[in-house]
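Peer 1: Any chance you could fold what I've pasted below:
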Amino acid sequence: MKRLVYILSILTLLSMHSYGQQMEEKKNEKNRLLKLIPDTIPRGDAYSVISKLSEVIEIDPNDPTLYASRANVYIHVNDFDMGFADYEKAIELDPTNDQIHCKRGLAYFKKASYESALKDLNSAIKLNNDNPIYHFFRAEINIKLENTLTAIKDLNNAIDLDPEFADAHLKKAILCLSLIHISEPTRPY
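Peer 2: Numbering: from 1, shown residues only. Sure, this is the predicted structure:
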């Protein structure tokens, strides 16, 4: 009986070692493929990047950042359906990833689906209220939706979070000037 327990213990250790080795090999292959993907997409090379990301996703189908990365490339080539499908999968795998919500919101913004963009930026801000970029992007969406006062509030939030955020100061100044210009009564000559 002791011998059987000993043999089973050895077999368990060997299978755990083999599993660990397989996982290490998968991780190495994933890292090797990721190194082949450029940080920026050269002109006309987006589909090869999508192909490489698809290979990596086959190795690790539970990594939400891989789906989000491939979604970014799909959006880059205006393949919104595939991009949004990948964002959906990424959010399904990690619903608390504020960056994925923000990027999907920016993709909706690019598609001119401003209400959907606003929903995603609201989610990103709910998950991470301390990121001034999210408030800035939400202000951009509110401008498109003609919610000027809400956009100014978002810009104020961005400036409060990062007082040196020059684009937020500039955008706020432009909006405030547009409000002054609109509210000035016309003067008879």
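Peer 1: now the residue nearest the centre of the chain: how far from Tyr108?
Peer 2: Most central in the chain under C-alpha atoms, centre = their mean is Ile100, positioned 2.8 Å from the mean C-alpha point. For Ile100, the distance to Tyr108 equals 13 Å [C-beta to C-beta, to the nearest Å]. In this view, the C-beta of every residue, glycine as well, is placed from N, C-alpha and C.
Peer 1: what packs against the helix or strand harbouring Ala71?
Peer 2: If you go by DSSP states H and E, Ala71 is part of helix 64-76. With contacts taken as 3 or more C-beta pairs under 8 Å, 6 or more residues apart in numbering; DSSP states H and E, helix 64-76 sits against helix 46-59, helix 80-93, helix 98-110.
Peer 1: Just the C-alphas of it, formatted as CSV.
Peer 2: C-alpha atoms of helix 64-76 as CSV (Å, rounded to 0.1, in the frame of the first residue of the first chain):
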residue,chain,number,x,y,z
PRO,A,64,-8.2,40.5,-22.1
THR,A,65,-5.4,42.8,-23.1
LEU,A,66,-4.8,40.7,-26.2
TYR,A,67,-8.4,41.1,-27.3
ALA,A,68,-8.2,44.8,-26.6
SER,A,69,-5.0,45.2,-28.6
ARG,A,70,-6.5,43.3,-31.6
ALA,A,71,-9.6,45.5,-31.2
ASN,A,72,-7.5,48.6,-31.4
VAL,A,73,-5.9,47.4,-34.7
TYR,A,74,-9.4,46.5,-36.1
ILE,A,75,-10.6,50.0,-35.2
HIS,A,76,-7.4,51.4,-36.9
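Peer 1: if we can go back for a sec, for Asn72, find the nearest of the helices and strands packed on helix 64-76.
Peer 2: helix 98-110 (6.3 Å; C-beta to C-beta).
Peer 1: tell me what whichever helix or strand comes after that closest one is packed against?
Peer 2: Once the chain leaves helix 98-110, the next helix or strand it forms, by DSSP H and E, is helix 114-127. Packing partners of helix 114-127 (3+ C-beta pairs under 8 Å, 6+ apart): helix 98-110, helix 132-144.
Peer 1: so the first one versus helix 132-144, what angle?
Peer 2: Between helix 98-110 and helix 132-144, the angle comes out at 20 degrees (axes from the mean of the first three to the mean of the last three C-alpha atoms, to 10 degrees).
Peer 1: pull the CA atoms of helix 98-110 into PDB?
Peer 2: Output of helix 98-110 as PDB, limited to C-alpha atoms (Å, rounded to 0.1, in the frame of the first residue of the first chain):
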ATOM      1  CA  ASP A  98     -10.900  51.000 -17.100                       C
ATOM      2  CA  GLN A  99      -8.500  51.300 -20.000                       C
ATOM      3  CA  ILE A 100     -10.500  48.900 -22.100                       C
ATOM      4  CA  HIS A 101     -13.700  50.800 -21.400                       C
ATOM      5  CA  CYS A 102     -12.000  54.000 -22.400                       C
ATOM      6  CA  LYS A 103     -10.500  52.600 -25.600                       C
ATOM      7  CA  ARG A 104     -13.900  51.200 -26.600                       C
ATOM      8  CA  GLY A 105     -15.400  54.600 -25.900                       C
ATOM      9  CA  LEU A 106     -12.900  56.200 -28.100                       C
ATOM     10  CA  ALA A 107     -13.700  53.700 -30.900                       C
ATOM     11  CA  TYR A 108     -17.400  54.600 -30.600                       C
ATOM     12  CA  PHE A 109     -16.300  58.200 -30.800                       C
ATOM     13  CA  LYS A 110     -14.400  57.500 -34.000                       C
END
